[in-house]
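Novice: A predicted structure for the sequence below; I have some questions about it.
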Amino acid sequence: MQQKLKGARFRWINESMYTTTGEETFRMVQNDPSIFEEYHEGFAAQVRKWPANPLDLLIRQLEGRQRLVVADMGCGEAQLAAAVGKRHTVHSFDLVAYNERITACNIASVSLDSGAADVAIFCLALMGTDFLAFVREANRILRLGGELKIAEVVSRVSDLDAFVAALEGQGFKLAGKDTANKMFVMLDFAKVGPCPRSAGTPPGLLKPCIYKRR
């Protein structure tokens, strides 16, 4: 019974994060920080069932690189910073300062200067209804030519070409695509210019996580 209740709680949290704006989710979690821990406990249990974790792949990509400034947007427990923080300068952002590595914020507005980062990462972190606002913030903090790395669940992407086109519309150019894994797709972009003004996030680019009512 306890496991069923935990599962139901995780489903409610997960669905809420997918169907509200980044600012609304930030306020929700600030009002009840236990939500963050419950979400990541449930999320970790799900990812352990996957044949690979995209975060591990991103860590390996960074391990052999020269020193970089990395913005981990929606960092979870800041495992990326723990893994490569001695080699790179990693700024970790998420809804709650779960540990000393993390800055709590809405990732549509982070505490980095414009052009300060070499790499911005969204590892399963484009969750809000306004997720393109997160991408536009990544454009702001990246230097020209900087890298945007995205890992997203395959089942959320109904039209990969349309999703890529929407991201390229934020001042990026696709540099690489890996669709080999059945659970997630990995995309690499380069910043080619400033982000144009945008009215919002078109519906349907990413499917929200909606559970069947029991």
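Specialist: Structure's in. What do you need?
Novice: wouldn't L95 be in contact with F26 here?
Specialist: Yes - using Cβ atoms under 8 Å as the test, L95 is close enough to F26 to be in contact (5.5 Å). (Glycine included, C-beta is placed from N, CA and C.)
Novice: buried sites along stretch 105-118?
Specialist: Judged by neighbour count using 16 or more other Cβ atoms under 10 Å, the buried positions of stretch 105-118 are C105, N106, I107, A108, V110, L112, A116, A117, D118.
Novice: Please enumerate residues in contact with it?
Specialist: 22-23, 25-26, 68-71, 73-74, 91, 93-95, 103, 125, 128, 130, 133-134, 136-137, 140-144, 146-147 (Cβ atoms under 8 Å, 6 or more residues apart in numbering).
Novice: Please identify which of L95 and F26 sits among more neighbours.
Specialist: Each of L95 and F26 had its neighbours counted (other Cβ atoms under 10 Å), and the higher figure belongs to L95 (25 against 21).
Novice: From P51, how far off is the closest residue to that one other than its chain neighbours?
Specialist: Computed as Cβ to Cβ, 6 or more residues apart in numbering, the closest residue to L95 that is not its neighbour in sequence is V29, at 4.2 Å. When distance is defined by Cβ to Cβ, to the nearest Å, V29 is 30 Å away from P51.
Novice: and these two? which has more neighbours close in?
Specialist: Here V29 and P51 are set side by side on neighbour count (other Cβ under 10 Å), and the busier one is V29, at 22 against 7.
Novice: so the more buried one makes contact with Y98?
Specialist: No - applying Cβ under 8 Å, one finds V29 not in contact with Y98, separated by 10.5 Å.
Novice: Longest strand in this protein, please.
Specialist: Selection of the longest strand in the chain by residue count, based on DSSP state E, yields strand 142-153.
Novice: who does that strand touch, helix- and strand-wise?
Specialist: Contact analysis of strand 142-153 by 3 or more Cβ pairs under 8 Å, 6 or more residues apart in numbering; DSSP states H and E lists helix 54-63, strand 117-123, helix 131-141, helix 160-168, strand 184-191 as its packing neighbours.
Novice: hmm, 6 Å instead?
Specialist: strand 117-123, strand 184-191 (3 or more Cβ pairs under 6 Å, 6 or more residues apart in numbering; DSSP states H and E).
Novice: between these, which one is nearest to V84?
Specialist: strand 117-123 (10.5 Å; Cβ to Cβ).
Novice: Give the pairing partners of the closest one; include direction for each.
Specialist: According to DSSP bridges, strand 117-123 forms sheet pairs with strand 69-73 (parallel), strand 142-153 (parallel).
Novice: pLDDT on the helix or strand just after the shortest one, on average?
Specialist: Secondary structure here is assigned by DSSP states H and E; on that basis, the next helix or strand after strand 69-73 toward the C-terminus is helix 79-84. Averaging pLDDT along helix 79-84 gives 98.
Novice: Please apply the same query to stretch 47-64.
Specialist: According to the model, stretch 47-64 has a mean pLDDT of 92.
Novice: Kindly report the same for stretch 68-75.
Specialist: 97.
Novice: S158 and P203: what is the separation?
Specialist: Counting by Cβ to Cβ, the separation of S158 from P203 is 11 Å.
Novice: more crowded one of those two?
Specialist: Under the criterion of other Cβ under 10 Å, the comparison of S158 against P203 puts S158 first, with 11 against 8.
Novice: Fine by me, thanks again.
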